[in-house]
Each structure stands twice: as C-alpha cells, then as structure tokens.
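Peer 1: coords please:
(chains A and B)
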Amino acid sequence: MNEAEVKKLADRLLAEDLGKYGFREVEVSTAEDEDGDEFFDISAYFNPSRTPLDPRASIRSTSRLRQALLDAGENRFPNVLHILPGANPT
Amino acid sequence: MNNELIKTARRILGAAKRKPSQADLRRAVSTAYYAMFDALARICADEIVGRSPAKRSTAEWARVYRALEHGKSKNALNEIKSRKLFPGGIDVNLTAFCEMLEKLKQRRHQADYDPTPLKLKRDDVGLLIGQAETVVEDFLGQASVDQRRALAFACIIPRRA
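Peer 2: Next comes the predicted model:
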C-alpha cells in the first residue's frame, strides 16, 4: 500500500476508535528501523477533548490498524505516535 | 525492575518544572523502551528457568535474562502466529505487548540516534510511558501461561529453518 492508502485506512479506523478522544487526522511517511526494514511512521493528531486519551484504547486501535494492514497484504509495521494538543514541541 | 524504570522515565519527564528539554524527552522515551525490554527479559527467564525467588537467584536465570537480544523479539509474534499453537488464537495482550515493544524500539532508535528534533511534547511522551506500563501490566496479569511461555521461547530459542 502507498502512504495515501494507509492514511485513508488509518484515518477511518482511528476516527472510529479514538474519535471521542478528539482524534483529528494522521500523517503517514515511511521510515527505516535499525535493521533497515521499512515501517510506516504515523503521527496521529488530536484536538482538545474533555476525555483524556486512554492508553489502552490507543494500543487497541493500533492493533486493529496493524491487523487491517496485514489483511490487505501489507506487512510493514504501523508505528503510531499520538500527538496530543498542547504547547508546541520543544 | 521494569516498574522502577517506568518510574525513572516519569521522573525524567516530570522532574523539571520547566518545559522538558529535547534531551529529557529522548531519555524518557529510551527509558520506557528499556522498561519493556527488561520486562520481556524477566518473562523469558521466569518461563524458561522458573519464577520462584530461589530460581531467580540462580546463574541460569541470569543467563537467560541476558540472552535476550534486542533484535530477537521483532519476529516473535509472527513466529508464534505461524505455528498456530493456540486454537483460540493469539491473546490480545500478547499482540499488544509485541506491537508496543516494536513501536518503542523504533522510537528509542530515533530518540538515541536521529538528530532531527522530536515532535513529541511532555504529554505525548507521558502517553508513551503509560502505554508501555499498560501493556506490561495487561500481559503479565491476563495472558495465559502457555502464551507467556510461547513468547519466551520464540525470543530466546530461534527455530531451525
């Protein structure tokens, strides 16, 4: 799958799973791990929400995305970084 | 020890009343990874040698603990899945543990070696630490002995081709 296809899939699944926590959208790029294997470097952005993002819910949503990618024949790992609203990065 | 490392990661992140520096954030991410790696090494030694205090003080336990290599856990979940050992499927907590370890391993590598500024803030790194803590607690508390053992053997003893 290309990055646009992964973004479309991730946007849909994360909106279903994490919408109540303020999920907005993902940005997807590819990167290489220390072994030289490609993975999807996914930043998931959140708007302010009254409900703090639950670690367990965020973990489960990543597992669901991982399985959806595998089902589509995509073996590259989706590394989802959850970027919460707040001050600018240091 | 992994609880201590989780506490250390939080202490690095929260110690400064000021905004944490890039170095603070990088050290916290790296420490969260090592908390999970330590947890996995302990699981391996417990499942292969034994978990009693007497077993944990043996040279054999320490040897298995030290035998875990950073690269070996990467394909453990795929190996377990390919062997179809569990008629009911793979425990969600085993899946989450392996995925979180892989995630943190990649993020630790970025934190330690990539000079590009991290896009993470204090809260984001706090969430990463909370995710690591959650998957370890859930796995240790809920995964079956068989699945803990399967993970240990997949990580320590490579299958022959």
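
Peer 1: remind me, longest helix of chain B?
Peer 2: helix B:22-48 (DSSP state H).

Peer 1: Mind jotting down where the helices sit in the chain?
Peer 2: By default, I'm working from chain A. For chain A, the helices defined by DSSP H occupy A:3-18, A:55-71.

Peer 1: Switch to chain B, please.
Peer 2: Using DSSP H, the helices found in chain B span residues B:2-15, B:22-48, B:53-56, B:59-67, B:76-83, B:92-113, B:122-142, B:145-156.

Peer 1: Packing partners of the shortest one?
Peer 2: The elements that helix B:53-56 packs onto, with contact taken as 3 or more CB pairs under 8 Å, 6 or more residues apart in numbering or on different chains; DSSP states H and E, are helix B:22-48. Where you see a C-beta, it was placed from the backbone N, CA and C, and this is true even at glycine.

Peer 1: and the helix it packs on with chain A, contact?
Peer 2: Yes: applying CB under 8 Å from any CB of the partner chain, one finds helix B:22-48 touching chain A at B:22, B:25.

Peer 1: Buried residues, that helix. List them.
Peer 2: B:24-48 (16 or more other CB atoms under 10 Å in any protein chain shown).

Peer 1: quick one: contacts for residue 44?
Peer 2: No chain in the question, so chain A it is. Contacts for A:Ala44 were tallied using CB atoms under 8 Å, 6 or more residues apart in numbering or on different chains; they are A:10, A:14, A:18, A:23, A:25-26, A:80-83.

Peer 1: My question was about chain B, not that one.
Peer 2: Listed by CB under 8 Å, 6+ apart, the contact set of B:Cys44 reads B:64-65, B:67-68, B:151-152, B:155-156.

Peer 1: Counting neighbours, which of these end up buried?
Peer 2: Buried among these (16+ other CB under 10 Å): B:64-65, B:68, B:151-152, B:155-156.

Peer 1: Model confidence score at B:Ile90, please.
Peer 2: In this prediction, B:Ile90 carries a pLDDT score of 82.

Peer 1: roughly how far apart are it and A:Tyr21?
Peer 2: B:Ile90 is 26 Å from A:Tyr21, where distance means CB to CB, to the nearest Å.

Peer 1: same thing with B:Trp61?
Peer 2: For B:Trp61, the distance to A:Tyr21 equals 41 Å [CB to CB].

Peer 1: And for B:Asp112?
Peer 2: B:Asp112 sits 29 Å away from A:Tyr21, taking CB to CB as the criterion.

Peer 1: try B:Arg26
Peer 2: 26 Å.

Peer 1: Within range of chain B, give me the residues from chain A.
Peer 2: Of all the residues in chain A, those lying near chain B are A:31, A:33-35, A:39, A:43, A:53, A:55-56, A:58-60, A:62-63, A:66, A:77, A:79-84, A:86-90, going by CB under 8 Å from any CB.

Peer 1: Please pick the buried ones from the residues you listed.
Peer 2: Among the residues of chain A next to chain B, those scoring as buried are A:33, A:39, A:43, A:53, A:55, A:58-60, A:62-63, A:66, A:77, A:79-84, A:90 (criterion: 16+ other CB under 10 Å).
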